[in-house]
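Visitor: have a look at this prediction, sequence included:
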Amino acid sequence: MQFFSVKWTQSPRSLKLRPQALPVWNTVASRLAMSIYIYSYSSVGAGITPPTYHKNNIVYVQSGIQTVVRDQISHCTVKLRQTTGLMEYCLEVIKENDPSGFLQISDALIRRVHMTEGQWGKGTLTPRMSSDFDLTLDSGPLLQTIHQLDFVQMKVPAAPMLQLEECCTQNNSATLSWKQPPLSTVAVEGYILELDDGSGGPFREVYVGPETICTVDGLHFNSTYKSRVKAFNSSGVGQYSKTLLMHTSEVAWFTFDPASAHPDIMFSNDNLTVTCSSYDDRVVMGNTAFSRGVHYWEMTVDRYDNHPDPAFGIARGDVLKDVMLGKDDKAWAMYVDNNRSWFMHNNSHTNRTDGGIAKSSTIGVLLDFTRRILIFLINDEQQGPVAFDSLEGAYYPAISLNRNVQVTLHTGLPIPDFYTPGEPDPSGSVC
């Protein structure tokens with residue numbers, strides 16, 4: 001059985017078909033029977049000129065090989081059927097039980113088998129035409145079409161430009177705005193905004209998306225952040241913009257947080273003043289957490305009836321809201337009545353100190369992460385020793401009170417003059 005494959009030869013552009021282990025002749029013939037765009041044809045072997053026809057001013061050639069190959073396939077098929085019939089007849093004769101009958105036809109069967117074998121060997125399987133022939137193809141139109149293609153080189157976006165007039169900080173939030181260079185025509189799918197940790201540490205991604213303005217909340221107070229942005233598309237990520245330094249507020253401005261407060265807490269004065277509708281102690285926190293730096297805020301007692309004991313201090317975000325501040329392990333507080341005060345954490349009461357509060361009293365809270373300590377003041381005087389130390393993590397300003405107390409929050413205050421941050425006090429007091 002003959003096989004052939006196709007490969008390119010040198011100029012003029014032509015195809016050479018040679019014997020290989022690919023589809024059998026009938027498959028090749030069916031493929032060659034298809035109409036192809038061609039201008040000349042020359043047969044190397046049989047000298048057969050295939051039929052041609054014209055359509056749309058293009059010469060189409062149908063291969064004459066198909067007829068020759070089909071004739072040989074038909075001839076081989078007839079011979080194969082005859083041989084198969086002879087084999088089946090011989091099998092039936094072998095099954096004959098009469099020895100004399102078998103001997104009568106055995107010689108004739110042997111001669112017929114030899115004759116059939118000879119017929120197969122006398123050209124039945126010999127190809128009737130050469131397996132090598134040339135097809136000369138005109139590739140000009142194809143090359144012309146290729147040259148007319150308009151290829152676009154995909155590029156990564158250019159470095160964005162930070163719009164300095166729109167970049168700003170407010171409290172512990174930073175807003176950044178950027179745009180693509182005016183002459184840039186490369187498509188942009190999105191941007192990646194990065195900030196460091198405010199202490200010169202590594203950059204980290206804070207925003208990925210298509211917007212060109214972003215506000216980042218929850219930064220550290222009194223810290224300088226480095227920011228940069230880069231653009232990306234399906235081809236990759238572009239270069240970074242110039243690095244912008246942004247400094248957050250030196251002091252913290254915040255209010256009480258209605259979203260996290262106990263339902264019995266009542267708010268007024270733009271969430272700076274709170275009281276309670278219940279006789280039981282209820283907790284309310286500030287809307288800003290601290291984890292670095294030195295912070296100081298005060299609360300003024302607007303109303304103080306029947307000598308209650310409100311608690312002031314700091315708490316984790318998951319502190320209990322229906323008990324006095326300091327009853328669980330998520331709060332560090334000072335609770336005080338009209339005569340004395342105590343420090344409390346995880347329901348442990350320590351450092352009873354004389355001196356209480358009344359209407360118009362001011363309670364100050366100083367949280368220093370450089371020394372990891374918490375100090376309380378009443379009317380500008382430190383109340384007792386350092387209340388708590390070894391503080392780490394994020395803490396919210398917090399208080400607990402009942403309906404007999406109303407307080408107003410004051411923020412954005414400087415550190416008291418008597419206190420020097422970052423210098424340990426071996427005596428346990430900084431007064």
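Guide: Nice, I can see it.
Visitor: quote the end-to-end distance of stretch 271-278.
Guide: Taking CA to CA, to the nearest Å as the measure, stretch 271-278 stretches 18 Å from start to finish.
Visitor: from the centroid of the chain, which residue is nearest?
Guide: Centroid check for the chain by CA atoms, centre = their mean gives residue 208 as the closest residue, at 9.2 Å.
Visitor: pairing partners for whichever strand or helix holds it, with directions?
Guide: Residue 208 is part of strand 204-209 when elements are defined by DSSP states H and E. Applying DSSP bridges to the sheet, strand 204-209 is found paired with strand 190-195 (antiparallel).
Visitor: what residues does the partner strand touch?
Guide: Contacts of strand 190-195 with the rest of the structure, by CB atoms under 8 Å, 6 or more residues apart in numbering, involve 160, 174, 176, 178, 203-212, 214, 216, 219, 225-232, 237. Backbone N, C-alpha and C define where each C-beta goes, glycine included.
Visitor: over to stretch 353-362?
Guide: Applying CB under 8 Å, 6+ apart, the contact partners of stretch 353-362 are 298-304, 310, 336-342, 363, 377-381, 383-384.
Visitor: in strands only, show me those.
Guide: 298-304, 336, 340-342, 363, 377-378, 381 (DSSP state E).
Visitor: helix, strand or coil for the residue of the chain most remote from its centre?
Guide: Taking CA atoms, centre = their mean as the measure, the residue most remote from the mean C-alpha position of the chain is residue 100, 90.0 Å away. When states are read from DSSP: H, G, I helix; E, B strand; the rest coil, the local structure at residue 100 comes out as helix.
Visitor: could I have stretch 199-211 exported to PDB, CA atoms only?
Guide: Coordinates of the C-alpha atoms in stretch 199-211 are reproduced here as PDB (Å, rounded to 0.1, in the frame of the first residue of the first chain):
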ATOM      1  CA  SER A 199       8.000  53.900  59.200                       C
ATOM      2  CA  GLY A 200      10.100  53.400  56.100                       C
ATOM      3  CA  GLY A 201       9.100  49.800  55.700                       C
ATOM      4  CA  PRO A 202       8.200  47.900  52.500                       C
ATOM      5  CA  PHE A 203       5.400  48.900  50.200                       C
ATOM      6  CA  ARG A 204       2.100  47.100  50.200                       C
ATOM      7  CA  GLU A 205      -0.900  47.100  47.900                       C
ATOM      8  CA  VAL A 206      -3.800  49.100  49.300                       C
ATOM      9  CA  TYR A 207      -6.000  49.400  46.100                       C
ATOM     10  CA  VAL A 208      -6.300  47.500  42.800                       C
ATOM     11  CA  GLY A 209      -8.900  48.700  40.300                       C
ATOM     12  CA  PRO A 210      -9.900  51.000  37.500                       C
ATOM     13  CA  GLU A 211     -10.500  54.200  39.600                       C
END
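Visitor: in that stretch, which residues are buried?
Guide: Within stretch 199-211, the residues that qualify as buried by neighbour count (16 or more other CB atoms under 10 Å) are 206, 207.
Visitor: distance from the chain centre to that stretch, please.
Guide: On the basis of CA atoms, centre = their mean, to the nearest Å, the separation between the geometric centre of stretch 199-211 and that of its chain is 15 Å.
Visitor: avg pLDDT for that stretch?
Guide: Taken as a whole, stretch 199-211 carries a mean pLDDT of 94.
Visitor: what's it in contact with?
Guide: Contacts of stretch 199-211 with the rest of the structure, by CB under 8 Å, 6+ apart, involve 189-197, 214, 216, 223, 226, 228.
Visitor: residues contacting residue 352?
Guide: Shown in contact with residue 352 (CB under 8 Å, 6+ apart): 340, 341, 342.
Visitor: the nearest residue to residue 390 once chain neighbours are set aside: neighbour count?
Guide: The spatial neighbour of residue 390 that comes closest, neighbours along the chain excluded (CB to CB, 6 or more residues apart in numbering), is residue 372 at 5.7 Å. Residues contacting residue 372 under the criterion other CB atoms under 10 Å number 12.
Visitor: buried set for whichever helix or strand comes after the strand holding residue 208?
Guide: Heading C-terminal from strand 204-209, the first helix or strand you meet, by DSSP H and E, is strand 213-216. Buried residues in strand 213-216, counted by 16+ other CB under 10 Å: 214, 216.
Visitor: contacts for whichever helix or strand comes after strand 213-216?
Guide: Next along the chain after strand 213-216, taking DSSP H and E as the criterion, comes strand 224-233. Contacts made with strand 224-233 from outside it, assessed by CB under 8 Å, 6+ apart, are listed as 154, 156-160, 162, 174, 176, 178, 180, 186-196, 198, 200, 203, 219, 237-248.
Visitor: which residues of this structure fall in helices?
Guide: 25-32, 65-94, 99-119, 140-147 (DSSP state H).
Visitor: how near is residue 72 to residue 118?
Guide: Residue 72 sits 18 Å away from residue 118, taking CB to CB, to the nearest Å as the criterion.
Visitor: next one: residue 197
Guide: For residue 197, the distance to residue 118 (CB to CB) stands at 95 Å.
Visitor: looking at the two, which is more packed in?
Guide: Neighbour comparison, residue 197 and residue 118: the larger count goes to residue 197, with 15 against 9 (by other CB under 10 Å).
Visitor: show me the contacts for the more buried one.
Guide: When the contact criterion is CB under 8 Å, 6+ apart, the partners of residue 197 are residue 204.
Visitor: ok, it to residue 169 distance?
Guide: Note on residue 197: its distance to residue 169, by CB to CB, is 16 Å.
Visitor: again with residue 312
Guide: Here the criterion is CB to CB. By it, residue 312 lies 29 Å from residue 169.
Visitor: compare these two (neighbour count), which wins?
Guide: residue 312 (27 against 19).
Visitor: contact partners for the more buried one?
Guide: For residue 312, the set of contacting residues under the criterion of CB under 8 Å, 6+ apart consists of 299, 325, 333, 334, 335, 336, 363, 365, 376, 398, 399.
Visitor: try it again with 6 Å
Guide: Residue 312 makes contacts with 334, 363, 399, as judged by CB atoms under 6 Å, 6 or more residues apart in numbering.
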